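> I'll drop the sequence and a predicted model, then ask my questions.
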Amino acid sequence: MKLWYKQEAEKWTEALPVGNGRLGAMVFGKTGEELIPINEDTLWSGYPRYRGARNKAGAWAAMRDLAREGKFEEAQQVFIEEHSSPWTQSYLPLGDLLLALNHGGASGFRRELDLDTATASVSYEQGGVKYRREIFAAAPDDCLAIRLSADQRGKIGFTLRIQSQLRSEVSVREPFLALDGIAPSNAMPSYVHNHPNPITYSDRDEEKGMRFTMLVLPVIEGGRLEYGKDSLSVSGADSALLLVNARTSFAGWDVQPFVKGRDEKALCRAGLEKAAKKSYTGLLKAHTEDFQRYYRRVELDLGDNENAALPTDERLRKFYAEKNDPALYALLFQYGRYLLISSSRPGTVAANLQGIWNSELQPPWSSNFTSNINVQMNYWPALPCALEETQLPLVDLVKALSAAGKETAKELYGAPGFAVHHNVDIWAASWPVGDHGGVGYAAWPLGGGWLCEHLFERYEYTLDKTFLEETAYPVMQEAARFLIALLSDDGAGRLWVCPSTSPENAFVHEGKRLNMARTTTMTMAIVRELLSNCVKAAGILGKDADFAAELETIIPKLYPFKVGSKGQLLEWDEEYEEVEPHHRHTSHLYGLHPGCLISPDTTPELAAACRRSLELRGDDGTGWSLAWKVNFWARLHDGDHALTILNNQLRLVEDGGAHFSGGGTYANMFDAHPPFQIDGNFGVTAGIAEMLLQNTADGVHVLPALPSSWKKGSCKGLRAKRRLTVDLSWDGDKVQAAISSAIDQTVGFKCRGGPERRLELKAGKVQTVEWDVSQLERNRSHS
């Protein structure tokens with residue numbers, strides 16, 4: 001479980017990430033001048049303010065009436081003129097550490113990231129001296145640690161500088177080297193071209209962005225430490241330890257960070273001084289134990305061969321040609337878990353489009369929380385892969401949106417509850433961004449409904465009734481009230497949300513490319529799932545019987561799934577010509593995944609329609625799109641097709657190189673949209689888990705989508721709903737599952753599509769079940 005390379009990183013997508021949920025760093029491993037970019041999870045442009053349109057409920061009614069009449073272009077124009085609002089803000093890079101080492105001509109070079117210890121290292125020999133650097137981001141001591149050592153005394157020397165793209169100043173505040181600055185008041189997205197002032201700093205205090213500070217504390221053994229005006233130098237040392245901390249004045253999504261923000265300098269210094277009381281060994285021990293407390297909960301072994309010994313970039317190149325490296329799938333799976341632990345911890349900001357790692361002032365899609373698939377995909381592996389704590393920052397984000405989104409619901413729709421559109425930032429922006437355009441992505445107020453799926457699913461995994469009653473259910477109720485207010489009669493006694501879009505996709509109507517239809521399949525699936533989950537939650541809590549009864553009268557009237565002339569699940573209310581038949585979004589299959597409305601067992605006709613839709617969409621796509629397709633095919637119990645998509649996900653993407661340039665994997669195993677988006681890493685980890693274990697209506701399905709080429713393997717620690725933990729092993733037709741439950745309960749278990757067994761589980765007791773798959777298949781064939 002290591003990524004390793006024989007050469008320095010030249011590009012961001014070759015560098016190695018470390019993080020503690022709040023602080024992130026990328027390790028290039030250079031021998032001349034080392035480059036370590038630093039991020040802090042709250043460092044964003046802007047400040048809190050509502051920027052959506054006001055008093056536009058009449059515009060929504062006009063769009064509804066026009067769409068019902070088939071006047072989609074006119075409905076879109078109303079949205080553009082009345083609803084479309086300014087852009088969200090951007091996640092920002094803090095600064096770079098630059099260590100001038102002057103170790104040219106090094107030999108025996110190795111750069112690696114050990115997933116098990118969450119430590120990056122660089123080692124090489126130069127001038128007869130063996131040098132080593134170790135870098136990790138410690139959560140217990142809330143700092144970055146960089147240690148430089150050698151096998152000979154007195155050989156450590158370097159000069160450290162800091163640079164930043166933001167308005168800032170580097171100074172010496174002994175014993176620290178310090179970076180102090182301020183974030184922009186506004187940062188335009190990178191795709192808004194030819195803007196005269198994409199990055200702006202206001203002179204008015206109430207419009208200023210957040211302040212930030214980074215401190216570096218050097219601790220040396222032997223040798224000499226000297227400070228310059230804006231640098232520090234070490235010479236003749238036996239070893240050196242650099243402790244790094246960073247803080248901003250961010251104090252909440254609704255607090256002006258410059259006027260009422262936190263004292264970032266005091267917080268930063270106090271944190272670093274506390275960490276400095278420990279030795280390097282103590283820091284490393286606490287860090288390793290803390291990380292392994294999460295990471296070692298799950299193990300995956302699919303076997304290996306000689307390719308597992310290759311450097312990671314060479315390994316990916318060889319896989320592109322041969323597809324013969326079973327351990328690479330396990331590495332990809334565990335890397336996703338590593339990245340989630342490293343970018344999302346209790347009390348931190350939720351992982352954004354790039355987790356916590358970003359080097360650009362105008363990053364792709366502002367590196368925000370894109371809520372029409374991407375931020376949700378970030379957290380798909382959290383519960384099944386035994387990382388439930390990492391989901392808490394998403395819960396915090398949803399709670400903030402449920403408050404901020406009430407203004408959007410009221411002003412744009414005249415509706416109760418809260419609305420969330422497709423782009424969200426740290427200030428809980430919930431309005432439809434696009435600045436007078438972008439119907440395909442902006443005219444989509446279903447973000448809150450989708451995010452509520454994560455809240456209820458958290459209850460289903462943990463059975464935490466307090467969480468359901470105090471956090472999840474109140475938010476779900478408000479999201480439901482908003483969507484109920486959007487429902488209208490379709491003229492045939494059915495209820496739909498009209499108008500509606502299918503995220504970022506388009507169809508042809510009367511010769512024109514359009515996005516807005518009467519309704520869409522994804523919209524209605526989210527509505528159906530949310531209302532059904534609210535009914536379940538009310539029943540579990542024994543409350544709100546009238547509200548639940550109201551929902552139970554609405555649900556049967558909701559506009560149904562429809563199948564088209566090709567046997568496919570329709571994406572819109574009618575079978576329109578598709579502008580892009582192979583579009584990256586496959587939103588109409590939401591009911592199959594992540595929803596639980598469609599499955600081969602309970603709705604075989606709709607599952608067959610989903611299969612046909614996937615066949616028509618094709619097996620290619622952007623990185624995150626491929627990850628979603630792995631999950632789809634797993635839910636359809638087709639492991640071989642899921643593996644085909646997984647193989648496509650592992651295509652090495654090298655800009656300007658001879659290898660693939662579309663969706664796939666970069667040399668550092670970051671997901672390639674391209675460009676880098678971390679959601680694909682998380683999505684494919686969840687997809688592999690779905691191939692091995694799935695939830696059913698009252699139990700679990702073991703190895704539901706095992707590829708035929710995965711002849712032997714094991715997986716320990718996967719979680720299922722109802723507080724179940726499952727260990728799996730298989731060898732040919734022989735399958736064994738060891739199941740443990742945190743409570744006494746009766747659950748159903750089945751393997752590879754076979755009949756269900758009912759098991760009586762006792763809390764804390766492990767029960768082992770065995771299957772002979774060949775016998776299951778003979779019985780199924782006979783039946």
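In hand now; what should we look at?

> Assumed Glu552 was part of a helix.
Yes. Membership of Glu552 in a helix is supported by DSSP: H, G, I helix; E, B strand; the rest coil.

> Could I get the contacting residues of it?
By CB atoms under 8 Å, 6 or more residues apart in numbering, the residues touching Glu552 are Val535. Every residue, glycine included, has its C-beta placed from N, CA and C.

> Tell me how far it lies from Ala428.
32 Å (CB to CB, to the nearest Å).

> Pull up the pairing partners for the helix or strand hosting Gly713, direction included.
Assigned by DSSP states H and E, Gly713 falls within strand 712-720. Applying DSSP bridges, strand 712-720 is found paired with strand 299-301 (antiparallel), strand 724-731 (antiparallel).

> Can you report how many residues neighbour the closest residue to Gly355 other than its chain neighbours?
Distance criterion CB to CB, 6 or more residues apart in numbering; nearest residue to Gly355, sequence neighbours excluded, is Ser343 at 3.7 Å. Using other CB atoms under 10 Å, Ser343 has 30 other residues around it.

> repeat for Pro560
Pro560, neighbours per other CB under 10 Å, totals 12.

> Could you pull up phi and psi at it?
Backbone dihedrals for Pro560, given as degrees, to the nearest 10, come out at phi -80, psi 170.

> Identify the residue nearest it in space, chain neighbours excluded?
Excluding the flanking residues, the one nearest Pro560 by CB to CB, 6+ apart is Arg494, at 7.4 Å.

> My guess is the one you found contacts Ile555. True?
No. Counting by CB atoms under 8 Å, Arg494 stays clear of Ile555, with 11.5 Å between them.

> which residues in the stretch 501-650 of the chain form strands?
Secondary structure of the stretch 501-650 of the chain by DSSP state E, counting those that start in this stretch: the strands cover 507-509, 512-514, 516-517, 577-578.

> Identify the residues contacting Asn20.
137-139, 142, 144, 342, 345.

> Do you know the pLDDT at it?
Model confidence at Asn20, given as pLDDT, is 98.

> What of Arg147?
Listed pLDDT for Arg147 reads 98.

> Please report the distance of it from Asp638.
From Arg147 to Asp638 the distance is 48 Å (CB to CB).

> and Gln7, how many neighbours?
Gln7 has 12 neighbouring residues, counting by other CB under 10 Å.

> Name the nearest residue to it, sequence neighbours excluded.
Nearest residue to Gln7, sequence neighbours excluded (CB to CB, 6+ apart): Phe109, at 6.5 Å.

> same question, Arg635
In this structure, Arg635 finds its nearest non-sequential neighbour in His593, 4.8 Å apart by CB to CB, 6+ apart.

> That neighbour: how many residues sit nearby?
His593 is flanked by 25 other residues according to other CB under 10 Å.

> hang on, it packs against Phe632?
Yes. Taking CB under 8 Å as the definition, His593 is a contact partner of Phe632 at 5.5 Å.

> thinking again about what came up before, the strand holding Gly713: which residues count as buried?
Buried residues in strand 712-720, counted by 16 or more other CB atoms under 10 Å: 713-716, 718-720.

> Just name the closest of these to Phe561, please.
Proximity of the buried residues of strand 712-720 to Phe561 was ranked by CB to CB; the top entry is Ala720 with 26.5 Å.

> Against which helices or strands is whichever helix in the chain runs longest packed?
Criterion DSSP state H: the longest helix present in the chain is helix 521-541. Applying 3 or more CB pairs under 8 Å, 6 or more residues apart in numbering; DSSP states H and E, we find helix 521-541 packed against helix 447-462, helix 473-486, strand 495-497, helix 545-554.

> Report all helices and strands that the second one contacts.
Packing partners of helix 473-486 (3+ CB pairs under 8 Å, 6+ apart): helix 392-408, helix 447-462, helix 521-541, helix 545-554.

> who's in contact with that helix?
By CB under 8 Å, 6+ apart, the residues outside helix 473-486 that reach it are 398-399, 402, 406, 409, 413-419, 445-446, 448-449, 451-452, 455-456, 497, 526-527, 530-531, 533-534, 537-538, 541, 544, 547, 551, 554.

> Whichever of those end up buried, select them in PyMOL.
Applying 16+ other CB under 10 Å to these leaves a buried subset, and the PyMOL line that selects it is:
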select buried, resi 398+399+402+406+409+413+415+417+418+419+445+446+448+449+451+452+455+456+497+526+527+530+531+533+534+537+538+544+551+554
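
> residues contacting the residue lying closest to Asp464 once chain neighbours are set aside?
Leaving aside its chain neighbours, Asp464 sits nearest to Arg458 (7.5 Å; criterion: CB to CB, 6+ apart). Shown in contact with Arg458 (CB under 8 Å, 6+ apart): 383, 388, 391, 395, 464, 467, 472.

> could you dump these to JSON lines with pLDDT and neighbour count?
Listed next are the contacts of Arg458 as JSON lines, based on pLDDT from 0 to 100; neighbours: other CB atoms under 10 Å:
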{"residue": "Leu383", "pLDDT": "98", "neighbour count": "23"}
{"residue": "Glu388", "pLDDT": "98", "neighbour count": "17"}
{"residue": "Gln391", "pLDDT": "98", "neighbour count": "25"}
{"residue": "Val395", "pLDDT": "98", "neighbour count": "20"}
{"residue": "Asp464", "pLDDT": "98", "neighbour count": "16"}
{"residue": "Phe467", "pLDDT": "98", "neighbour count": "15"}
{"residue": "Ala472", "pLDDT": "98", "neighbour count": "23"}
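
> and these as TSV, adding distance to Arg611?
Shown next, in TSV, are those (distance: CB to CB, whole Å):
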residue	distance to Arg611
Leu383	26
Glu388	31
Gln391	30
Val395	34
Asp464	35
Phe467	36
Ala472	32
